[in-house]
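*Asks:* sequence and predicted structure, then a few things I'm wondering about:
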Amino acid sequence: MKSCNVCGHGVFVEFNGRPEALCESCHSLERTRAMAYLLKENGLLRNGIRIAHFAPERAIGLKLMEIVGPANYHSFDIAPERYDKALNTQAFDLTKAERLPTDYYDLIIHSHVMEHIPCYITPVLWHLQRALTPSGRHLCVIPMLGARSESDFSDLSDYERAHRFGQKDHFRRFGTEDVNMTLGKIFNLNPRNYRLKVPDEVAAKHNFSKREVYKTFFFFEKSDLLLR
């Protein structure tokens, strides 16, 4: 029997043409439920940790805030007015990630964010790692659109940006065939943090794609950063 592992509800409805993608109760999507599974499996859904959550998904954000408390849950976005007021989302521009405190967060989360950032992402990811505590973890979901990576910060039309990168507010796309030459030059990619495996029965029960987890989820430790 299917159930949402964020709220426990058992009914899923269509979203953007995807049947049973959205939890009817908490409105979590597939990747949100996959994130919740990985956090629980790695023992990170626990009290006493500090969390930075960028572009926060409401369902998992409220769950994390409930577990760690409002003082330890920090949600950020460049346009905080778009988010549920209960998340207390603060304005933050990731092109200025150097403003993050050092060795502060036990968990950093972001999903489908890196493709929106209008600058080179190597320093952004470096500063996110710097903000982790020595035992901290960094969970990011980065969509892979096509085989090869590409970026462009010039003044493109909405049409061209959507055609090349998937959406009019995207500045890059990541490719499956050259990931070792892009993200792999920043992080040590290994089976512990990339190409993550989820049991068939878990993915089916909580209604998310194990293939998407395998292809687009990264779960870095601080020591995985190659750039010193």
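*Replies:* Cool, the structure landed. Everything numeric in this text was worked out from a predicted model, so none of it was measured.

*Asks:* burial of Leu45, as a residue count?
*Replies:* For Leu45, the number of neighbouring residues by other CB atoms under 10 Å comes to 16. The C-beta positions use only the backbone N, C-alpha and C, and glycine is treated the same way.

*Asks:* how about Ala36?
*Replies:* The burial count assigned to Ala36 is 23, neighbours taken as other CB under 10 Å.

*Asks:* which pLDDT value goes with it?
*Replies:* At Ala36, the model reports a pLDDT of 97.

*Asks:* beta partners for the residue nearest the centre of the chain?
*Replies:* Here the mean C-alpha position of the chain is nearest to the C-alpha of Ser111 (CA atoms, centre = their mean), at a distance of 2.3 Å. In this structure, Ser111 bridges to Val141 when assessed by DSSP bridges.

*Asks:* mind listing what it touches?
*Replies:* For Ser111, the contact set (CB atoms under 8 Å, 6 or more residues apart in numbering) comprises 31-32, 35, 55, 57, 140-141.

*Asks:* which of these fall within strands?
*Replies:* When DSSP state E is applied, the contacts of Ser111 are split such that 140-141 fall in strands.

*Asks:* out of the contacts of Ser111, which is nearest to Asp200?
*Replies:* Proximity of the contacts of Ser111 to Asp200, judged by CB to CB, is greatest for Arg31, which lies at 17.6 Å.

*Asks:* is it true that the closest one touches Asn207?
*Replies:* No. Contact criterion CB atoms under 8 Å: Arg31 and Asn207 do not qualify, at 11.3 Å.

*Asks:* all helices for the chain, in order.
*Replies:* 30-41, 58-68, 121-130, 158-165, 200-205, 210-216 (DSSP state H).

*Asks:* closest to Met181 out of the ones you listed?
*Replies:* Across the helices of the chain, the minimum distance to Met181, taken as CB to CB, is reached by helix 121-130, at 12.5 Å.

*Asks:* buried stuff in that closest one?
*Replies:* 121, 124-130 (16 or more other CB atoms under 10 Å).

*Asks:* over to stretch 217-228?
*Replies:* Applying a neighbour-count criterion of 16+ other CB under 10 Å, the buried positions in stretch 217-228 are 217-222, 224-225.

*Asks:* so for that stretch, what's the average pLDDT?
*Replies:* When pLDDT is averaged over stretch 217-228, the result is 96.

*Asks:* please enumerate residues in contact with stretch 202-210?
*Replies:* Counting by CB under 8 Å, 6+ apart, residues outside stretch 202-210 touching it are 1-5, 12, 20-21, 30-31, 33-34, 37, 197-200, 213.
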